[in-house]
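> for reference, the sequence and a predicted model appear below.
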Amino acid sequence: MTEPSDAALRRAVAPVICYPTGTLPQPDLGLYRTARAGAQKVAEVVVPPRDAAAFEVPAGGFFRITSVEGPQVGDLNLWNAADLSERFYSGKTRALHGTHLTVGDRMWSCFPYLRPMATMVEDTLGWYGADEHGGRVHDVIGTRCDPHTHHLLSGEDYHHCCHSNLTRGFAAATGMPVAEAAGAVHDVLNVFMCTGFTRDTGQYFMKASPVRPGDYLEFFAEIDLLGVLSACPGGDCSSEHSSDTAACFPLLVEVFAAQPGALEGWKSPARNGYSGTHGT
Ligand SMILES: [Zn+2]
């Protein structure tokens, strides 16, 4: 392969941000924090290692995911509790906010809804930033570990990948048959996971999560949510997933309800305003 004579010039073109976020509706984090200060805990669920658990959060509530016994990565799926066809859209969230999420970023829903489902309000790993390998935490690039890719690469069956855990958790929460539930599971937010792309080959990498017991992520629910969280069989994802070899720990999910009147002026975002005619 020969390079054209102007290769350097072509590479030197400055990048343009695909989706400048200046016109995105901004969350009122001050209002959310004030509401959170008076909020009461209403539910909690412990996600067992190598398994998943479901939880519901009413619009205007909060949910917190905490590392409790040891470094552990979680894979999070969200649905609109009132309409399961509306679910988290990892790819568009990445296009809007970047490869990894932190405070102020939203988890957006799929087409045609495309609205904020949840807004991140606390991140005790926010100090991590980017490391020397280009690793960051809480990615929306890694999809989820799954038994199909594992079978493709190893020829073996393993049933406790996040995809299967999320499938069982969603099926149990909704009563949906497993095959249908598997089709509703979608690309995740990788809670606490530390990931990036190698500089030389651009390959997706993971490394030991910096999470420690007591660290947490907290979200404000913009709409009524059904969440399912898997405690990844990779544990802190320092070596491998899709097996029972890694040390795995539970994750705690707590749900908080704001006091009546605490969200004065806030309302659940409307679904996307596009007419839906697609030019027909
Ligand atoms: Zn996983």
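Sure, I can see it.

> what packs against the longest helix along the chain?
The longest helix of the chain (DSSP state H) is helix 162-174. Secondary-structure packing of helix 162-174 (3 or more CB pairs under 8 Å, 6 or more residues apart in numbering; DSSP states H and E): strand 52-57, strand 74-80, helix 147-154, helix 178-184, strand 225-231. For glycine as for every other residue, the C-beta is placed from the backbone atoms N, C-alpha and C.

> if we use 6 Å, what do you get?
strand 52-57, helix 178-184, strand 225-231 (3 or more CB pairs under 6 Å, 6 or more residues apart in numbering; DSSP states H and E).

> for the ion, find the nearest of the ones you listed.
Judged by CB to the ion, the one of those that comes nearest to the ion is strand 225-231, at 6.2 Å.

> and that closest one, what does it pack against?
strand 52-57, strand 74-80, helix 162-174.

> one step back: dump the helices and strands packed on helix 162-174 into CSV; add mean neighbour count, distance to residue 192 and mean pLDDT as well.
Compiled in CSV, the helices and strands packed on helix 162-174 are given as follows (neighbours: other CB atoms under 10 Å; distance: least, CB to CB, whole Å; pLDDT from 0 to 100):
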stretch, mean neighbour count, distance to residue 192, mean pLDDT
strand 52-57, 23, 15, 98
helix 178-184, 15, 24, 98
strand 225-231, 27, 10, 98
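
> could those be laid out in CSV, adding distance to residue 203?
Formatted as CSV, these follow (distance: least, CB to CB, whole Å):
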stretch, distance to residue 203
strand 52-57, 27
helix 178-184, 27
strand 225-231, 23
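
> just say which of the helices and strands packed on strand 225-231 is most tucked in.
Most buried of the helices and strands packed on strand 225-231, by mean neighbour count (mean count of other CB atoms under 10 Å): strand 74-80, with a mean of 26.

> now that strand: average pLDDT?
Mean pLDDT, strand 74-80: 98.

> which residues does the residue nearest the centre of the chain bridge with?
Nearest to the geometric centre of the chain sits residue 189, at 1.7 Å (CA atoms, centre = their mean). Note on residue 189: beta-bridge partners residue 76, judged by DSSP bridges.

> surely residue 87 is in contact with residue 77?
No: counting by CB atoms under 6 Å, residue 77 is not a contact partner of residue 87; they are 7.1 Å apart.

> which neighbours do the two share?
Both residue 87 and residue 77 are in contact with residue 186, where contact means CB atoms under 6 Å, 6 or more residues apart in numbering.

> enumerate the residues of the stretch 1-150 of the chain near the ion.
residue 145 (CB under 5 Å from the ion).

> count of neighbours near the residue in the stretch 1-150 of the chain positioned nearest to the ion?
When distances are taken as CB to the ion, the stretch 1-150 of the chain reaches nearest to the ion at residue 145, 3.4 Å away. For residue 145, the count of nearby residues is 28 (other CB atoms under 10 Å).

> wasn't it part of a strand?
No: Residue 145 sits outside any strand when classified using DSSP: H, G, I helix; E, B strand; the rest coil, being coil.

> which ones are touching it?
161, 162, 241, 242.

> wait, isn't the second one in contact with residue 230?
Yes: at 4.1 Å, residue 162 counts as touching residue 230 under the criterion of CB under 6 Å.

> now do the shared contacts for these two.
residue 75.

> so what's the backbone phi/psi at residue 97?
phi -110, psi -10 (degrees, to the nearest 10).

> now swap in residue 8 and tell me
According to degrees, to the nearest 10, residue 8 has phi -60, psi -40.

> and the gap between it and residue 200?
19 Å (CB to CB, to the nearest Å).

> same question for residue 194.
In terms of CB to CB, residue 194 sits 19 Å off from residue 200.

> with residue 85 instead?
Taken as CB to CB, the span from residue 85 to residue 200 is 41 Å.

> of the two, give the one with the bigger neighbour count.
Set side by side, residue 85 and residue 200 show more neighbours around residue 85, with 11 against 6, by other CB under 10 Å.
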